[in-house]
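Engineer: mind looking at a prediction? Sequence and model below.
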Amino acid sequence: MNNPIFLSGLNKIYSKFDIFFVDLWGVVHNGIECYSNSLKALKNIEKRKKIILISNAPRPSHSVQKFLNKINFKKKFYNLLITSGDLTRFYLKNFSKNKCFYHLGPDRDKSLFINLGLKKTSLNNANFVVCTGVNNNKDSLSKYVPILKKIKKRNLKMICANPDLIVYRGDRTEYCAGSIAKLYEKMGGKVKYFGKPYKYFYEYICSVLKKKYRKNINKNKILVIGDNLNTDIFGANNFKVKNLFIAGGIHKSEWNKKNTNLANFVIKKNKDFKINYFQNELVW
């Protein structure tokens with residue numbers, strides 16, 4: 001396996017690709033504000049190429065777009081935004097035979113269920129559970145053990161609308177739906193995940209692109225840009241497309257605070273994940 005290539009700038013390779021799948025949290029913003037260098041890079045790409053933002057946000061893309069507008073990340077920086085929430089909605093609308101669900105997550109994610117013909121109900125009356133995350137950003141996972149035990153007692157299937165385990169909002173760590181789902185799996189519960197790193201998420205994205213642009217998508221011309229090895233890079237590996245790992249995102253503490261050489265860290269991780277290119281931050 002070839003060692004990853006450090007890029008002094010994305011301009012060194014961008015001409016090889018036509019479509020860029022760009023992660024949001026950790027690459028473009030930190031949950032509070034955008035990274036200026038990322039915006040410069042995307043602005044340069046967008047002049048000639050297509051930028052598809054892909055996010056494990058458990059909400060429809062139009063809801064995420066409202067948040068992006070608030071942090072001054074405008075539509076001009078990208079061509080399309082697709083979320084794990086979009087795929088979750090697609091599944092619930094077209095393939096879910098059950099209609100009554102219990103929502104495990106905060107009220108801010110309720111846009112996920114609009115116009116799906118589903119009925120939100122109590123746990124005792126639910127046919128399945130949809131998990132979108134913790135109710136409070138400061139919650140510990142232990143808080144969810146009692147409710148998960150009740151869900152397991154009823155042997156309900158869980159739909160996880162965000163496979164991420166954690167995110168950093170600024171410097172603070174927050175648990176995501178993926179952590180709750182993994183805890184449920186450890187109890188013996190069944191979970192279906194929607195989003196990165198699962199191959200069908202990328203297949204769904206390509207089907208949307210094919211429909212929108214009315215042409216087949218050449219996977220050799222796709223570059224995935226992300227900061228999470230377990231979702232972004234592993235997802236690129238699953239879909240068999242090239243990737244650019246942004247090492248200064250969610251994994252920064254693994255090498256920065258331990259005074260580990262960045263290149264050595266990435267080469268070590270390359271044994272478990274095929275990393276094609278890497279940067280500390282997205283830089284043009």
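Structural biologist: All right, it came through fine.
Engineer: pLDDT of stretch 102-121, averaged?
Structural biologist: Averaged across stretch 102-121, the pLDDT comes to 95.
Engineer: check stretch 237-249 too.
Structural biologist: The model assigns stretch 237-249 a mean pLDDT of 97.
Engineer: can you pull the buried residues of that stretch?
Structural biologist: 237, 239, 241, 242, 243, 244, 245, 246, 247, 248, 249 (16 or more other C-beta atoms under 10 Å). All C-beta spots, glycine's among them, are computed from the backbone N, C-alpha and C.
Engineer: out of the residues you listed, who's nearest residue 164?
Structural biologist: Nearest to residue 164 among the buried residues of stretch 237-249, counting by C-beta to C-beta, is residue 249 at 11.9 Å.
Engineer: isn't the closest one up against residue 228?
Structural biologist: Yes: using C-beta atoms under 8 Å, residue 249 is in contact with residue 228, at 6.9 Å.
Engineer: want to throw the buried residues of stretch 237-249 into TSV with distance to residue 161?
Structural biologist: Converted to TSV, the buried residues of stretch 237-249 look like this (distance: C-beta to C-beta, whole Å):
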residue	distance to residue 161
237	22
239	20
241	23
242	27
243	24
244	26
245	25
246	24
247	27
248	27
249	21
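Engineer: for the residue nearest to residue 277 when sequence neighbours are not counted, grab phi and psi.
Structural biologist: Distances taken as C-beta to C-beta, 6 or more residues apart in numbering put residue 244 closest to residue 277, at 4.5 Å, once the chain neighbours are dropped. Per-residue torsions, residue 244: phi -120, psi 120 (degrees, to the nearest 10).
Engineer: which ones are touching residue 244?
Structural biologist: Under the criterion of C-beta atoms under 8 Å, 6 or more residues apart in numbering, the contact list for residue 244 reads 7, 10, 223, 224, 225, 226, 276, 277, 278, 279, 282.
Engineer: okay, the last one: pLDDT?
Structural biologist: The confidence metric pLDDT takes the value 97 at residue 282.
Engineer: ditto for residue 257
Structural biologist: 68.
Engineer: from residue 37, how far off is residue 44?
Structural biologist: Separation of residue 44 from residue 37 (C-beta to C-beta, to the nearest Å): 11 Å.
Engineer: list residues touching both of the two?
Structural biologist: With contacts defined as C-beta under 8 Å, 6+ apart, the residues shared by residue 44 and residue 37 are residue 284.
Engineer: what bridges to the residue nearest to residue 277?
Structural biologist: Legend: beta-bridge partners of residue 244 under DSSP bridges are residue 225, residue 277.
Engineer: so which bits of stretch 181-201 are buried?
Structural biologist: Neighbour count says stretch 181-201 has 181, 183, 184, 189, 191, 193, 194, 195, 196, 197, 198, 201 buried, by 16+ other C-beta under 10 Å.
Engineer: list the contacts of that stretch.
Structural biologist: Against stretch 181-201 from outside (C-beta under 8 Å, 6+ apart): 23, 54, 56, 83-84, 87-88, 91, 131, 141, 144-145, 148-149, 151-152, 155-165, 178, 226, 228, 230-235, 237-239.
Engineer: residues contacting the most centrally placed residue in the chain?
Structural biologist: In the chain, the C-alpha closest to the average C-alpha coordinate belongs to residue 56, at a distance of 2.8 Å (C-alpha atoms, centre = their mean). Contacts for residue 56 (C-beta under 8 Å, 6+ apart) come out as 83, 84, 162, 163, 164, 176, 178, 195, 196, 231.
Engineer: how about residue 92?
Structural biologist: Each residue near residue 92 by C-beta under 8 Å, 6+ apart is listed here: 113, 116, 118, 130, 159.
Engineer: among those, who's most crowded?
Structural biologist: Ranked by the number of neighbours (other C-beta atoms under 10 Å), these place residue 130 first, at 25 neighbours.
Engineer: quick check: chain neighbours aside, which residue is closest to it?
Structural biologist: Excluding the flanking residues, the one nearest residue 130 by C-beta to C-beta, 6+ apart is residue 159, at 4.7 Å.
Engineer: gap between residue 224 and residue 173?
Structural biologist: 24 Å.
Engineer: ok, residue 191 next?
Structural biologist: Using C-beta to C-beta, residue 191 is found at 22 Å from residue 173.
Engineer: related to what we said a few turns ago, and for residue 249 and residue 228, which residues touch both?
Structural biologist: Looking at what touches both residue 249 and residue 228 (by C-beta under 8 Å, 6+ apart), the common residues are residue 26.
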